[in-house]
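Undergrad: requesting a structural model of the entry that follows:
(2 chains)
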Number of protein chains: 2
Amino acid sequence: MEVFNVKSKQFDYQVVVGEGAWQTLRDFPRDHYSSIFIITEKPLWKRWGKSFVADSKLNDVRTLFVPSGETSKSLHELGLLARQLLREGADRHSLLVLFGGGVIGDLGGFLASVYMRGVDCIHVPTTILAQVDSSIGGKTAVNLGEMKNLIGTFYPAKLVLSEPRVLSSLSRRNFRSGLYEVVKHAILDGPGLFKQLDACIDSLSPENIEPLLTILPQAVRVKVRVVNRDEREANLRMVLNLGHTFGHALEEATHYRRFVHGEAVGWGLLAISRLGQRLGLLDLSEGKRIESLIWRLGSLPSIRDLPPARILRLLPQDKKTVRGRIQWVVPERIGKVRVTSDVPMKIVEATFRDIRGLSD
Amino acid sequence: MEVFNVKSKQFDYQVVVGEGAWQTLRDFPRDHYSSIFIITEKPLWKRWGKSFVADSKLNDVRTLFVPSGETSKSLHELGLLARQLLREGADRHSLLVLFGGGVIGDLGGFLASVYMRGVDCIHVPTTILAQVDSSIGGKTAVNLGEMKNLIGTFYPAKLVLSEPRVLSSLSRRNFRSGLYEVVKHAILDGPGLFKQLDACIDSLSPENIEPLLTILPQAVRVKVRVVNRDEREANLRMVLNLGHTFGHALEEATHYRRFVHGEAVGWGLLAISRLGQRLGLLDLSEGKRIESLIWRLGSLPSIRDLPPARILRLLPQDKKTVRGRIQWVVPERIGKVRVTSDVPMKIVEATFRDIRGLSD
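TA: Next comes the predicted model:
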């Protein structure tokens, strides 16, 4: 089990990664909370609720269920949950335990940040994506219409508990989807983690999470380091958007129905590798290593029908835009990226045509 | 013109009170904002927009209008505004100028705090209530159903500009409503401000705001002092709830339709004076001074039809509750209050019957 310290403007908190992480909750001071609520999804809680309660010794909790899927990340669902909390007597001294993947973490974290102007929360991420990325750093959000994460806050958890065991019940698709984010972290981190991932990626599956036990903490460390240097993304945190600029556009263009998030990031990473090469920043062999690792995860949903003009139009809508410019995060080699807004749209378009040509 | 410094966890900011306050905006560094949006109400902007633009030299702004009234403080309206901002190209480097009363400040402040996870905002309060109270201290909120301010954040403005001239277009009722909050601040502050208010209260009206020019900055100072000592209300800030525990219950019981906020606070202050006397904390003569000042503002909407049991049931719903107890702020004398949760419900009920007996 590894424990990372994360700094935030409000307070410091710990991210616990590894087998037995849930047991850490036994030592978490909970006496001063007036009540504890678990926000989760029904199938997930059915599968893991008992283990979690046994490990954490969190008795006397109430459970609120959120429908599965990205559509729950809405102001509407936020309102429903807040009403439920109120009805069940939650006050500003209540604690929310967010047990689930990215949707639960983003929505529940936002709820925690605004219910009675803020109550404490603990993240218990249950997907690879949530464990290595979204549960760390305090970003919360809901979507507005098709604009992903348009509404949100920076609101760190009091504690993050990542138990890898829980990943064994992920669907294959969801499991793989999370691995694209791990690939992203490996590109940011450097040759060491990249090689380890390269060595085991073919054997990874929900039935074989063993190799993840050493990889997950390293992927978490990448995120923790970036967050500790820049909580508010002004500069450094932007590197975490590697692969996400194209990724978000693909998700938007397909109304968030075709891809699970990681798959869109997979395409985004392929694109950014090509963009790096087209800009002369990334050399061919490094680009090939990146792309081959991504392809070894399997085929990606088709993008062949997506008109380049449409994708390009969706790019600048990205929140990371400063005064209408796109801030591209481009790899220079494995372990080094550059942030640049100086990319002609012609090259962007050619890049998208490159990856579209790779699609079924 | 007086300038107050307000400390907040995020940053310090200034509250400018007095004739010419809007001109201060000329010196506010605005070059690094990508765009500026004014959030306001149509009739108000029609009356004052030109003066504000002339004073502030804020050209090249876009204006978003919110329907007048408390019902605009909703998640629904928040979503509409966010969509509009997005459509008009607002990014995270945009600035929101919140030009209006409590509704605009609370809703607009909440919007600023969550749009793309936070953009800067400036408060330009245009009611007495907003100038002496709600624009200072960073509390933002929307209502959820009948639960007032259930959803919100702590999010200070970069600047607060209170120009008293704008109060001259308030309706008589709205004007008077704000004065109940000034009475509250005078009770918290002490005999000096209380006497000044006592001396001029009969002459105050939208047509004669002259005496307010000296009183407003003092009322603002009361709020600034409390906020500077405790931004998050854990303890000290609770004194600002003087008169609000009963006040909120009355508003809820009448579905926010019968009273404008200050009127409910008027009743709340009468109640708390009686409660203080019943508890033996406030002596008769001080209580009389408080109550007589309140009555000189005019009659209050009737509460005679409100069943005590209903009002009592609505009291603990108040957010200020810690583990289900009500924290009462009770005056001991003009200039001194005590916070206590040790008040038997029998005395609370008797107190409500006291003030109900005073009603038409």
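
Undergrad: make it CA atoms for all contacts and neighbour counts henceforth
TA: Will do.

Undergrad: near chain B, which residues of chain A show up?
TA: Applying C-alpha under 8 Å from any C-alpha of the partner chain, we find that chain A lies next to chain B at A:34, A:75, A:79, A:82-83, A:91-93, A:113-118, A:141, A:144, A:149-154, A:319, A:321-323.

Undergrad: out of these, which sit inside helices?
TA: Those of the residues of chain A next to chain B mapping onto helices are A:75, A:79, A:82-83, A:113-114, per DSSP state H.

Undergrad: report the two of those separated the most.
TA: Greatest spacing in those, by C-alpha to C-alpha: A:Arg83 and A:Ser113 (15.0 Å).

Undergrad: out of the ones in helices among the residues of chain A next to chain B, who's nearest chain B?
TA: A:Val114 (4.8 Å; C-alpha to the nearest C-alpha).

Undergrad: hang on, the closest one packs against B:Gly152?
TA: Yes: the pair A:Val114 / B:Gly152 is scored as a contact, 4.8 Å apart, by C-alpha atoms under 8 Å.

Undergrad: could you pull out the strands in chain A for me?
TA: Listed in chain order, the strands of chain A (DSSP state E) span A:2-6, A:13-17, A:35-40, A:62-65, A:94-100, A:120-125, A:139-144, A:147-154, A:159-162, A:328-333, A:336-340.

Undergrad: now these in TSV, with mean neighbour count, mean pLDDT and distance to A:Leu300?
TA: Output for the strands of chain A, formatted as TSV (neighbours: other C-alpha atoms under 10 Å in any protein chain shown; pLDDT from 0 to 100; distance: least, C-alpha to C-alpha, whole Å):
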stretch	mean neighbour count	mean pLDDT	distance to A:Leu300
strand A:2-6	17	97	33
strand A:13-17	22	98	29
strand A:35-40	22	98	29
strand A:62-65	16	98	31
strand A:94-100	26	98	24
strand A:120-125	26	98	25
strand A:139-144	24	96	24
strand A:147-154	22	93	21
strand A:159-162	27	98	27
strand A:328-333	24	95	21
strand A:336-340	16	93	24
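
Undergrad: can you put those strands in CSV and add distance to A:Gln196?
TA: Below are these laid out as CSV (distance: least, C-alpha to C-alpha, whole Å):
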stretch, distance to A:Gln196
strand A:2-6, 18
strand A:13-17, 18
strand A:35-40, 33
strand A:62-65, 37
strand A:94-100, 27
strand A:120-125, 23
strand A:139-144, 29
strand A:147-154, 32
strand A:159-162, 20
strand A:328-333, 17
strand A:336-340, 18
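
Undergrad: from chain B, how far off is A:Asp283?
TA: Note on A:Asp283: its distance to chain B, by C-alpha to the nearest C-alpha, to the nearest Å, is 34 Å.

Undergrad: where's that residue relative to A:Arg296, distance?
TA: Here the criterion is C-alpha to C-alpha, to the nearest Å. By it, A:Asp283 lies 20 Å from A:Arg296.

Undergrad: next one: A:Ser169
TA: For A:Ser169 relative to A:Arg296 (C-alpha to C-alpha), the value is 22 Å.

Undergrad: quick one: which of those two has more around it?
TA: Comparing A:Ser169 with A:Arg296 by other C-alpha atoms under 10 Å in any protein chain shown, the one with more neighbours is A:Ser169, at 16 against 11.

Undergrad: residue contacts, that one?
TA: By C-alpha atoms under 8 Å, 6 or more residues apart in numbering or on different chains, the residues touching A:Ser169 are A:Pro206.

Undergrad: low-confidence regions, chain A specifically.
TA: Along chain A, the model assigns pLDDT under 70 to residues A:230-235, A:316-324.

Undergrad: what ranges do the helices span in it?
TA: So, for chain A - with DSSP H - the helices run A:42-56, A:75-87, A:102-114, A:128-129, A:172-189, A:191-200, A:212-229, A:244-253, A:261-278, A:284-296, A:308-314, A:345-358.

Undergrad: any idea which of the ones you listed is most buried?
TA: helix A:102-114 (a mean of 28; mean count of other C-alpha atoms under 10 Å in any protein chain shown).

Undergrad: about what we covered before: as JSON lines, the ones in helices among the residues of chain A next to chain B with distance to A:Pro191 would be great.
TA: Below are those laid out as JSON lines (distance: C-alpha to C-alpha, whole Å):
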{"residue": "A:Leu75", "distance to A:Pro191": "42"}
{"residue": "A:Gly79", "distance to A:Pro191": "45"}
{"residue": "A:Ala82", "distance to A:Pro191": "45"}
{"residue": "A:Arg83", "distance to A:Pro191": "49"}
{"residue": "A:Ser113", "distance to A:Pro191": "38"}
{"residue": "A:Val114", "distance to A:Pro191": "41"}
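
Undergrad: which residues does stretch A:251-268 contact?
TA: A:129, A:146-147, A:174, A:176-181, A:242-248, A:250, A:294, A:300-301, A:306, A:310-311, A:314, A:355.

Undergrad: swap in stretch A:329-338?
TA: A:186-191, A:194, A:238-239, A:241-243, A:272-273, A:275-276, A:281-283, A:286-287, A:290, A:328, A:339-340.

Undergrad: mind running it again at 6 Å?
TA: With contacts defined as C-alpha atoms under 6 Å, 6 or more residues apart in numbering or on different chains, stretch A:329-338 is touched by A:187-190, A:239, A:242, A:276, A:281-282, A:339.

Undergrad: repeat for stretch A:296-315
TA: With contact meaning C-alpha under 6 Å, 6+ apart, stretch A:296-315 is reached by A:249, A:356, A:359-360.

Undergrad: off-centre distance for it?
TA: Offset of stretch A:296-315 from its chain centre (C-alpha atoms, centre = their mean, to the nearest Å): 20 Å.

Undergrad: what's the span of that stretch from first residue to last?
TA: 27 Å.

Undergrad: over to stretch A:3-12?
TA: Criterion C-alpha to C-alpha; first-to-last residue distance in stretch A:3-12 is 13 Å.

Undergrad: which among the strands of chain A is found nearest to B:Ser205?
TA: With C-alpha to C-alpha, the closest approach to B:Ser205 among the strands of chain A belongs to strand A:147-154: 41.1 Å.

Undergrad: what packs against that closest one?
TA: If contacts are counted by 3 or more C-alpha pairs under 6 Å, 6 or more residues apart in numbering or on different chains; DSSP states H and E, strand A:147-154 sits against strand A:139-144, helix B:102-114.

Undergrad: off-centre distance for it?
TA: In terms of C-alpha atoms, centre = their mean, the centre of strand A:147-154 is found 14 Å from the chain centre.

Undergrad: can I get that strand in CSV, CA atoms only?
TA: Included here for strand A:147-154 are C-alpha records, laid out as CSV according to Å, rounded to 0.1, in the frame of the first residue of the first chain:
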residue,chain,number,x,y,z
MET,A,147,-20.7,20.8,-22.9
LYS,A,148,-18.8,18.5,-20.7
ASN,A,149,-17.7,19.7,-17.2
LEU,A,150,-18.9,23.2,-17.9
ILE,A,151,-20.1,23.6,-14.3
GLY,A,152,-17.9,22.6,-11.4
THR,A,153,-15.6,23.5,-8.6
PHE,A,154,-12.1,22.8,-7.2
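
Undergrad: and for it, what's in contact with it?
TA: The contact list for strand A:147-154 (C-alpha under 6 Å, 6+ apart) reads A:138-143, B:114-117.

Undergrad: tell me the angle that strand makes with helix B:75-87.
TA: 110 degrees (axes from the mean of the first three to the mean of the last three C-alpha atoms, to 10 degrees).

Undergrad: grab the nearest non-local neighbour of the most centrally placed residue in chain A.
TA: Central residue of chain A (C-alpha atoms, centre = their mean): A:Ser134, 3.6 Å from the mean position. The shortest distance from A:Ser134 to any non-neighbouring residue, by C-alpha to C-alpha, 6 or more residues apart in numbering or on different chains, is to A:Gly102 (6.1 Å).

Undergrad: distance check, that neighbour against chain B.
TA: Going from A:Gly102 to chain B by C-alpha to the nearest C-alpha gives 17 Å.

Undergrad: just checking, that residue touches A:Ala130?
TA: Yes: with contacts counted by C-alpha atoms under 6 Å, A:Gly102 reaches A:Ala130, the gap being 5.2 Å.
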